[in-house]
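> One predicted model, sequence on top.
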Amino acid sequence: MRGKLDTEAYLERSGVNWTSIRPVYIYGPLNYNPVEEWFFHRLKAGRPIPVPGSGLQVTQLGHVKDLSDAFVAALGNPKASREVFNISGERFVTFDGIAKACAKAMGAPEPELVHFNAKDFDFGKKKAFPMRDQHFFASVDKAQELLGWTPKFGLVDGLKDSYSKDFGLGQFRKAADFETDDLILEKLGKRVRTFA
């Protein structure tokens, strides 16, 4: 985030015409870093989903198509000149809520959620969860007002779109890796029962 702020400050001082688009977490088909894929892998395998902390951390996801619409709305738009826009979905969701929404989107049973304290583990360079363990969300009101942009995808519909056009077809960016999950589950005394 610091780099983005420094870049925006530099552009402001330079006198050039600029617009900054700040996505929160982006999801959807062919997205370079689809956070939903992490959940889909666990749901498909019938595994518990490890979630840091209480699982009530509030965040926000925006569909990749909504992001591209925001870029188009900003191009050549004088109202976008020298402005910063947050782009994401309109509604906030908890970490637990994302896991449940992913299950609903792919027609899977409601997942078993296992909460853990990340400070109790040493995962090395591996990530045990695809998002920052903190609240992370932003208002999209400014983009709606100045750009006339509104997200078209609600979370479950967007996740269905992602699943049906990407993961559900066997296309994903990263293979399933449950190594950190197994460390968490073993330490918490949980047994892993997967679908055959």
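On my side now, so go ahead.
> make it CA atoms for all contacts and neighbour counts henceforth
OK.
> What number of residues are in the vicinity of E145?
Using other C-alpha atoms under 10 Å, the number of residues around E145 comes to 11.
> What strand or helix carries it?
E145 belongs to helix 141-147 when assigned by DSSP states H and E.
> just I184 next, same as before
Assigned by DSSP H and E, I184 falls within helix 179-187.
> Going by neighbour count, list what's buried in that helix.
Buried residues in helix 179-187, counted by 16 or more other C-alpha atoms under 10 Å: 180-182, 184-185.
> Go through these and name the one nearest F40.
Set against F40, the nearest of these by C-alpha to C-alpha is D181 (14.1 Å).
> What's the per-residue pLDDT of that closest one here?
Per-residue pLDDT puts D181 at 96.
> so who does the most centrally placed residue in the chain touch?
By C-alpha atoms, centre = their mean, the chain has its centre lying nearest to Y25, at 3.8 Å. For Y25, the contact set (C-alpha atoms under 8 Å, 6 or more residues apart in numbering) comprises 35, 60-62, 88.
> Can you tell me how far it is from A9?
As judged by C-alpha to C-alpha, to the nearest Å, Y25 and A9 stand 23 Å apart.
> now swap in G148 and tell me
From G148 to A9 the distance is 25 Å (C-alpha to C-alpha).
> Kindly report the same for G168.
42 Å.
> same question, R42
According to C-alpha to C-alpha, R42 and A9 sit 41 Å apart.
> okay, the two: which has more neighbours?
Taking other C-alpha under 10 Å, R42 and A9 do not tie; R42 has more neighbours (21 against 11).
> which residues are contacting the helix or strand harbouring the more buried one?
Applying DSSP H and E as the criterion places R42 in helix 35-44. Applying C-alpha under 8 Å, 6+ apart, the contact partners of helix 35-44 are 25-28, 48-49, 99, 102-103, 106, 108, 111, 130-131, 159, 167, 172, 176.
> Thank you kindly, that will do.
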